[in-house]
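Chemist: build me a model from this:
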Amino acid sequence: MIKTTKKILIIFPDDWIAYSPTILNLYDALSFKFDAKIITFQGDYGRQEIDGRNIQFIIIPDSIRKLLKRLTNILYKIKIKKDLYKFFKAFVLLVTFHKVKFDEVIGIDFMGLWVAQRIYGKAHFLSLEMRPSRDPFYKYFNIEKIQSVIIQSDERYRHLFPDHKLKTFIVQNAPRYRPIQSRVRNIKNLIYFGSAIPEFGIYHCLNFLMEYPEFILTVRGIVPQWVKGNIEKDYPTLIAEGRLILNAVYLDQRDVQEFLNQFYIGFCFYDLNLLTDDLFHFTSAPSGKLFNYFAASVPVIGSNIQGLSSVNDFRAGVLIDNYSPQCIKNAIDEISRTYTDFKSNCITAAQHFCFEKAITPF
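Modeler: Residues are numbered from 1 along each chain as shown. Model prediction:
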């Protein structure tokens, strides 16, 4: 395919681009044909090198970031809900790009959309976050100047735009599906992929390991230091016996499918008892790890919520309401009885949700 000279800008106003596969996959798809560029911020979760991609990192000194966040906390305590750090980032973006020309602009979430509209008048909108109550830019964008919307589901679209019919593209937080040779897997080899925090069920998985010592769990993703400290204090035997493997080394999205392919079952939990704010964002969330499991033909044990309903739709795993060790073990046993079928169904789901196929109309 011949590459055109059309210039496309993707405004990602957060600082974890390395952990946003949707944006990286979008860039890869667009850059195959267009002159694409991502503008984003460098922060605690964005310092990995993203090889071969045209990404401009804006660096805000830690001293300024900490000061603005401290002032924001003070304002919140006196009932003034103004996120000074977010407004400062928006100002920096406006200053950086107010004289730079692009043919098409894609704003990520409402800050990215607002900045794009302020500079370029009109823009495409890609929605990742579903927390309008926390977003200071939710009230300021111009809906008449949205050229199109990329979003994960009709349900999430209706939540944001209940009274408007905009040109919409449903694109899941899924990888580009590529067939790979399935490895021989050990039934005891389990994977927890993604951020290891209580809200995403890490302790439920560890409690399961304590009850069933024949299993091994690999955690691949961000492990906050305070969570690691709790694990070392409360679950020392799991690490000492080699039944819990913590690996926080960054894994490029292009290598995820091959890495996951070695595991028997993957976990995808949302603990709604802990996720009390902006509950819709989580219950409707089509988790990225879910689609990575599908692509690697790894059956899923997940939370019984709307956002993970594709697990049941394709019979690619088991959704549960109770995270007790016995309930998790029952789900493993159910998958094991017809494991080949579950693996095959994962591939069917991965082909259905393939990012490349979904993004092509856009």
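Chemist: and Asp271, which of the three is it?
Modeler: coil (DSSP: H, G, I helix; E, B strand; the rest coil).
Chemist: got the contact list for stretch 346-353?
Modeler: By CB atoms under 8 Å, 6 or more residues apart in numbering, the residues outside stretch 346-353 that reach it are 172, 174-175, 177, 291, 293-300, 310, 313-314, 316-317. For the C-beta atoms, the positions are set from N, CA and C on the backbone; glycine is no exception.
Chemist: can I get that stretch in CSV, CA atoms only?
Modeler: The C-alpha coordinates for stretch 346-353 follow below in CSV (Å, rounded to 0.1, in the frame of the first residue of the first chain):
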residue,chain,number,x,y,z
CYS,A,346,-11.0,-18.1,22.4
ILE,A,347,-9.6,-18.0,18.9
THR,A,348,-13.1,-17.5,17.5
ALA,A,349,-13.5,-14.5,19.9
ALA,A,350,-10.1,-13.1,19.0
GLN,A,351,-10.9,-13.2,15.3
HIS,A,352,-14.2,-11.5,15.9
PHE,A,353,-12.7,-8.7,18.0
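Chemist: how far is it from where the chain is centred?
Modeler: 18 Å (CA atoms, centre = their mean, to the nearest Å).
Chemist: please identify the buried residues of that stretch?
Modeler: Cys346, Ile347, Ala349, Ala350, His352, Phe353 (16 or more other CB atoms under 10 Å).
Chemist: what does the lowest-mean-pLDDT helix or strand in the chain contact?
Modeler: When the helices and strands of the chain are scored by mean pLDDT, DSSP states H and E, helix 279-283 comes last with a mean of 76. Contacts of helix 279-283 from elsewhere in the structure, counted by CB under 8 Å, 6+ apart, are Glu129, Met130, Arg131, His159, Tyr270, Leu272, Leu275, Ile305, Gln306, Gly307.
Chemist: residue ranges in the stretch 101-250 of the chain under the pLDDT threshold?
Modeler: Applying pLDDT under 70 to the stretch 101-250 of the chain picks out residues 133.
Chemist: how about the helices in it?
Modeler: Remark: helices assigned in the stretch 101-250 of the chain by DSSP state H, counting those that start in this stretch are 109-120, 154-160, 202-211, 225-234, 236-240.
Chemist: could I get these as CSV with distance to Leu246 and mean neighbour count?
Modeler: Formatted as CSV, the helices of the stretch 101-250 of the chain follow (distance: least, CB to CB, whole Å; neighbours: other CB atoms under 10 Å):
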stretch, distance to Leu246, mean neighbour count
helix 109-120, 30, 24
helix 154-160, 32, 16
helix 202-211, 10, 20
helix 225-234, 7, 13
helix 236-240, 8, 13
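Chemist: save the ones you listed as a markdown table, and put in distance to Lys69 too.
Modeler: Formatted as a markdown table, the helices of the stretch 101-250 of the chain follow (distance: least, CB to CB, whole Å):
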| stretch | distance to Lys69 |
| --- | --- |
| helix 109-120 | 16 |
| helix 154-160 | 27 |
| helix 202-211 | 26 |
| helix 225-234 | 18 |
| helix 236-240 | 33 |
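Chemist: ok, which of those comes nearest Ala358?
Modeler: helix 154-160 (13.5 Å; CB to CB).
Chemist: in terms of secondary structure, what does the closest one contact?
Modeler: Counting contacts by 3 or more CB pairs under 8 Å, 6 or more residues apart in numbering; DSSP states H and E, helix 154-160 packs against strand 146-151, strand 168-170.
Chemist: who wins for proximity to Trp114 among these?
Modeler: That would be strand 146-151 among the helices and strands packed on helix 154-160, by CB to CB, at 11.1 Å.
Chemist: buried set for the closest one?
Modeler: Ile146, Val149, Ile150, Ile151.
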